[in-house]
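Q: Let's see this in three dimensions:
(2 chains)
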Amino acid sequence: MKAVFITYDQAHNEAIVRILDKNSLRGFTYWEQVQGRGSFKGEPHYGSHAWPGMNSSMMVMTEDSKVEKLLSELKALDDSKQALGLRAFVMNVEQSI
Amino acid sequence: MSLYSTAVKKPISTALVFLALVILGLFSLSRLSIDLYPNIETNTIMVMTAYPGASAADIETNVTKIMENSLNTVSDLKHITSSSKENMSIITLEFEYGTDIATATNDVRDKLDQVKSSLPDNVNNPILFKFGTDDIPIVILSVTAQESMNGLYKILDDKVANPLKRIAGVGSVSISGIPKREIKVYCDPQKLEAYNLSIETISSLIASENRNTPGGNFDIGSNTYSLRVEGEFSDSKQLEDIVVGTQNGRTIFLSDVAKVEDGPQERAQEAYVTGTSGRGTKYVAQQGGTIFIQKQSGANSVAISKQVLAKLPDIQKSLPADVNIGIIVNTSVNIENTINSLLETIMVTFIIVMFVVLIFLGRWRATFIIILTIPISLIVSFAYLLASGNTLNIISLSSLSIAIGMVVDDAIVVLENVTNHIEKGSDPKQAAVHGTNEVAISVIASTLTMLAVFLPLTMIPGMAGVLFKQLGWIVSIIMIVSTVGALSLTPMLCSQLLKLNPEKGKVWLLIFTPIEKALNGLDAFYERCLSWVVVNRIKTIVIAFAMFFLSLGLAKLIPTEYFPTMDNGRIGITIEMPVGTRLEISRALAIQVEKELAAKYPEIDASSFTVGQADEDNVFGSLSDNGTHLINWNVKLSSVGDRQRGLTEICDLIREDLRKYPEFKSFNVLAGGSNQGVGGQTSVDVEIYGFDFDTTDKFAAEVKSKLEALESVATVNNDRGDYIPEYQVDFDREKLALNGLNMTTAALYLRNRINGSLASYYREDGDEYDIKVRYAPENRQSLEDIENILIYNNEGRGIRVRDLGNVVERMTPPTIKRKNRERLVTLSAIVKPGYALGEVANQVQQLLSYEVDTPPSISTTIGGSFEDQQDSFKDLITLGILIIILVFIVLAAQFESLTDPFIIMFSLPFAFTGVFIGLAITNTPLGIMAMIGIIMLAGIVVKNGIVLIDYTILNRERGMSIRRATISAGRSRLRPVLMTTLTTVLGMIPMAIGIGEGSEMWKSMGMTVAWGLAFSTLITLIIVPTLYCVFAKNGVNRRRKAHAKGLLKK
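A: Numbers count the residues shown, from 1 in each chain, chains lettered A, B, ... in the order given. Coordinates of the predicted model:
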């Protein structure tokens, strides 16, 4: 069991939900409005006057086998629209109920 | 959920809501009536009372004074002015602004009823007038006739006036300049004397002969019959057979002592007309008359005029062959031309705006999205017009034209940002929501600044207020609709229509590659300029302000005016001959002038002139000055598009022509037809109140000569006209008493012989005509005739006037004017061009208080027309200041800062520079309309500053240095700034050039906005970034010092 934390420019939202559906990944937790900025080049997303963009975040729980495919599809999405920004981080899930 | 995200998510609802608005607007448009001006409700009521045969002084004491005393108690009355002239008393009641004129009219009517019993017996019933824009005649017809002249009044009344009155919406049809029929009994004094008869006897005999008397009812057998004596004359010839007495057993008939004439009234005003008749024939200076057609208030002028004109061919057919009807004034043509030229202006503006948007964006779809906001916003404003009971008129349509260039601004800003997002890679739907979100606040703020300008316009009081109320509301409503559209419809359409990198065709590449290159070049050039100015800040600021102060010098060169003169194709001419000139002589000269004008000016479509004394029934004639020595013209030129020469040019030429006649004492050629309300010369009026004519005249002459000596005064006019010679009979009271007579009886005898005694009425076909008995014209032509008049006393003995008193010639003023129940003389000092009104008013005040010795019985005040202009200008300046403060408040709230709006406001002085340069170059006078333009600029020019500063601040927040932030913001915002500016400036140009009828009104406003905005934008693009650098650097330095101090303390 892995947890994938995806944080991305709001504009990507619909495309990501589509990717999840395609990969039969049903469960996720979604934060609509989150702020943040990238560690290297990523523009700040503050929803302010100067930086009006906003991010959304998503935590997706998945079996280990599906992670590779999900990440590669997310990478393809990110590459297609680099100006928006999308990052995903995979973590172990120790236990669940 | 925000407006724009809802709109993007529900495209169908959004589209249909706007469709519904458009349908509502179009429905309103179909119900709107078309008129030239908005309905201007007046605050004056005029009371006209005729007292035939009385002189100015008689009228004043017996009619005017009595009525004034009673009318003075009507509530909300501001001023009461009157003029008493021969035969006529005219009282004008001016009410406080905003008084309900219908209630006031009822009050006035009540007061008149109360006072009726105290007026002399022969006084006609007073007539009440209200003069609103609704009362201006919509059609004026000319009538000419030859053989039918004698019966013309009746023919016109039956065959023209009555059918026209039946048209729905026609208020009244009045016939002017055509003498009414009258049965005149001309007595020979010698014969009367021989048969021992008098005018009075004959008059009462005629009255008792001309009577129908019912005799009661009586029964014959089973029936009841009524008994009647039908004594009324059935033919005017029967009058001659009346028996007036017997002499030596012989019967004397009326025909033995008098001749009976059935024909037009004596001493009526005559009208002559030139033009083309309904049958297509041209005629010059033919005797005839005019018919004025007024509409009911609120009715559609254009529709009614059309119906009237459609009826004319039928009416013409029903008239005798020698009677011709022509058209002198048809307001519907003027209105339609004006409205059409405005619609043309709106179309041209629309196309220009479309091209600007297309060139800058280079995309058809984007252009379509932006252009769509124009018709939607404009059409919605029709719903407002209908709801508020307004019409489609010059003001409302011009407001639309003003708004066109501005409504696209919001949509442009939104679309530009959405496009940016799409180019970054967003999905169009997301881009539409987020792109709109980013600029929503600044779009709303810039709309608020516009509202801060236009809403206060609706609060201007007075005459100008009526005009600007609509302008203010319409532009405000259009701005609100366009902003709502930009925040809902525009993002929705963007999400549906815009694509990332759409395919570009060959034609597109061919056209837009060079444009794109040029725009890029411009961007680069502007960036280089900015890089220079942010380094050379002091130099830039000094140069800019030097330019501003130099332009202030130009302000002196600009002529000023109140309202522009409109080329409505009408000219009014008044010619004054020496007082007392006989009608025949005036008429001959007038016909000569008329012929000369008709030959010289092919532009003259139709014209008419009246000459002579208007009688008591002739309402339109009585309103203007009239007399045997005065000739009044009404000239109609062909419409503006059909002629080369302008109105003022033709007027100047006519003035040249008239100067060649040595016979004229003075003449006045008025462009536009009348001098009332707007467009007159600027003058300072000195009102001199005082009862005694001699004292006031002497004083007025003294003041006049002193005023004329002033350098700033061109001429001084005295409104008390030249005194007219008058014969007065000074009866000796002792002699009268000796003969058993008194003053009133003696005077009545004189009046009956000269003015005539109204014996009875002759009835024919349901109409009544006066039967007047008096001396034959040849027996009242010399002083001796007057002196020989016989006055009979109770014993029946006749005594001649010469034995009772002297006939002397005296001079009396032709009209006696009063204001607030006191006699007054008004001296109007016309201000020389180049002098300020206020300055001259001060000089006049000085002169009155220190240099002239005012007699105790006289009081003076300064007032009149200059007050109005002064008040309007003062109102506008106050309004301007108020608006600037409001704009500042809106900006300060948006930026949450005091320095940033201060920097933005620096665009304002350079707008003035542009205005001054523009007006000076094009020689356009600075009037109310230009002032309104300047006020509008306060809202428009700051928009550019907002966009620039907003983006600079954004760049700074993103961490750029002051200089880099300024330069990069300038480069990236140059296109939107140029685009919104160009749409507004180019949108004003059709108006500023002024093609077609009625364009003069808005020319100076269009000119002001176009020049002011163009110039201010160019300077703003340089000065605002420079000033921002200066202020931002100071701010940084201050913070650094404070920081250093803090470090030292540690």
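
Q: okay, the residue most central in space within chain A: pLDDT?
A: With distances taken as Cα atoms, centre = their mean, residue A:6 lies nearest the centre of chain A, 2.3 Å away. With respect to pLDDT, residue A:6 scores 95.

Q: how would you label it: helix, strand or coil?
A: Three-state call for residue A:6 (DSSP: H, G, I helix; E, B strand; the rest coil): strand.

Q: what's it in contact with, if anything?
A: Residue A:6 sits next to A:16, A:57, A:58, A:59, A:60, A:74, A:86, A:87, A:88 when contact means Cβ atoms under 8 Å, 6 or more residues apart in numbering or on different chains. For the C-beta atoms, the positions are set from N, CA and C on the backbone; glycine is no exception.

Q: so what's the backbone phi/psi at the third one?
A: It refers to residue A:58. For residue A:58, the backbone dihedrals (degrees, to the nearest 10) come out as phi -150, psi 130.

Q: next one: the last one
A: Reported as degrees, to the nearest 10, the phi and psi values for residue A:88 are phi -130, psi 140.

Q: where does the stretch 1-150 of chain B have low pLDDT?
A: Scanning the stretch 1-150 of chain B for pLDDT under 70 picks out the ranges B:1, B:39-42, B:97-98, B:131-134.

Q: Skipping adjacent residues, who's closest to the residue of it found nearest chain A in space?
A: Proximity of the stretch 1-150 of chain B to chain A (Cβ to the nearest Cβ) peaks at residue B:5, 11.2 Å away. In space, not counting the residues next to it along the chain, residue B:5 is nearest to residue B:433; the distance is 4.8 Å by Cβ to Cβ, 6 or more residues apart in numbering or on different chains.

Q: The helix or strand hosting that neighbour packs against which elements?
A: Under the criterion of DSSP states H and E, residue B:433 resides in helix B:428-457. Contacts defined by 3 or more Cβ pairs under 8 Å, 6 or more residues apart in numbering or on different chains; DSSP states H and E place helix B:428-457 against helix B:3-9, helix B:394-424, helix B:462-497, helix B:865-895, helix B:928-957.

Q: tell me which residues in the third one are buried?
A: Buried residues in helix B:462-497, counting neighbours by 16 or more other Cβ atoms under 10 Å in any protein chain shown, are found at B:463-479, B:481-496.

Q: Which residues of chain A lie near chain B?
A: A:9-11, A:13-15, A:48-54, A:80-84 (Cβ under 8 Å from any Cβ of the partner chain).

Q: Swap in 10 Å and give it another go.
A: A:9-15, A:43-44, A:46-54, A:80-85 (Cβ under 10 Å from any Cβ of the partner chain).

Q: Drop anything exposed from these.
A: Using 16+ other Cβ under 10 Å, the buried members of the residues of chain A next to chain B are A:9-13, A:15, A:44, A:46-47, A:51-54, A:81, A:84-85.

Q: Which ones among those residues map onto strands?
A: Secondary structure from DSSP state E places residue A:9 of these in strands.

Q: closest to residue B:531 among the buried ones among the residues of chain A next to chain B?
A: For those, the residue nearest residue B:531 by Cβ to Cβ is residue A:51; the value is 26.2 Å.

Q: list the contacts for the residue lying closest to that closest one once chain neighbours are set aside?
A: Once flanking residues are discounted, residue A:51 sits nearest to residue A:44: 4.4 Å by Cβ to Cβ, 6+ apart. Residues near residue A:44 by Cβ atoms under 10 Å, 6 or more residues apart in numbering or on different chains: A:35, A:36, A:37, A:38, A:50, A:51, A:53, A:55, B:957, B:958, B:959.

Q: PyMOL command to pick out the buried ones of the residues you listed?
A: Selecting the buried subset of the contacts of residue A:44 in PyMOL, with 16+ other Cβ under 10 Å as the burial test, is done by:
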select buried, chain A and resi 51+53+55
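
Q: and the gap between the residue nearest to the centre of chain A and chain B?
A: For residue A:6, the distance to chain B equals 16 Å [Cβ to the nearest Cβ, to the nearest Å].

Q: In contact with residue 84, which residues are there?
A: In the absence of a named chain, this looks at chain A. So residue A:84 contacts A:8-12, A:42-43, A:45, A:53, A:55, A:77-78, B:421, B:424-427, B:430 (Cβ under 10 Å, 6+ apart).

Q: Correction: the question concerned chain B.
A: Applying Cβ under 10 Å, 6+ apart, we find residue B:84 in contact with B:49, B:51, B:54-65, B:90-91, B:813-818, B:823.

Q: repeat for residue B:784
A: Counting by Cβ under 10 Å, 6+ apart, residue B:784 has contacts B:802, B:807.

Q: Show me which residues of the longest helix along chain A are buried.
A: Ranked by residue count under DSSP state H, the longest helix found in chain A is helix A:64-80. By 16+ other Cβ under 10 Å, the buried positions in helix A:64-80 come out as A:67, A:70, A:73, A:74, A:77, A:78.

Q: Same question for stretch B:709-716.
A: Per 16+ other Cβ under 10 Å, stretch B:709-716 contains these buried residues: B:710, B:712, B:713, B:716.

Q: Pick the one among those closest to residue B:664.
A: residue B:716 (20.5 Å).

Q: Wasn't the closest one part of a helix?
A: No - assigned with three-state DSSP, residue B:716 falls outside any helix and is strand.

Q: how far away is it from residue B:831?
A: Distance, residue B:716 to residue B:831, using Cβ to Cβ, to the nearest Å: 11 Å.

Q: Name the residues contacting each of these two.
A: Common neighbours of residue B:716 and residue B:831 (Cβ under 10 Å, 6+ apart) are B:683, B:684, B:710.

Q: Could you dump the residues you listed into CSV with secondary structure, pLDDT and distance to residue A:29 added?
A: Converted to CSV, the shared contacts of residue B:716 and residue B:831 look like this (DSSP: H, G, I helix; E, B strand; the rest coil; pLDDT from 0 to 100; distance: Cβ to Cβ, whole Å):
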residue, secondary structure, pLDDT, distance to residue A:29
B:683, strand, 71, 83
B:684, strand, 77, 83
B:710, coil, 80, 90
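
Q: of all those, which comes closest to residue B:809?
A: Residue B:809 has its nearest neighbour among the shared contacts of residue B:716 and residue B:831 in residue B:683, at 34.8 Å by Cβ to Cβ.

Q: hang on, isn't that closest one packed against residue B:712?
A: No - taking contacts as Cβ atoms under 10 Å, residue B:683 lies outside contact range of residue B:712: 11.7 Å.

Q: show me where the stretch 151-300 of chain B has strands.
A: B:170-176, B:181-187, B:212-220, B:223-230, B:243-247, B:250-253, B:258-264, B:270-276, B:282-295 (DSSP state E, counting those that start in this stretch).

Q: wait, which of these is closest to chain A?
A: strand B:282-295 (57.4 Å).
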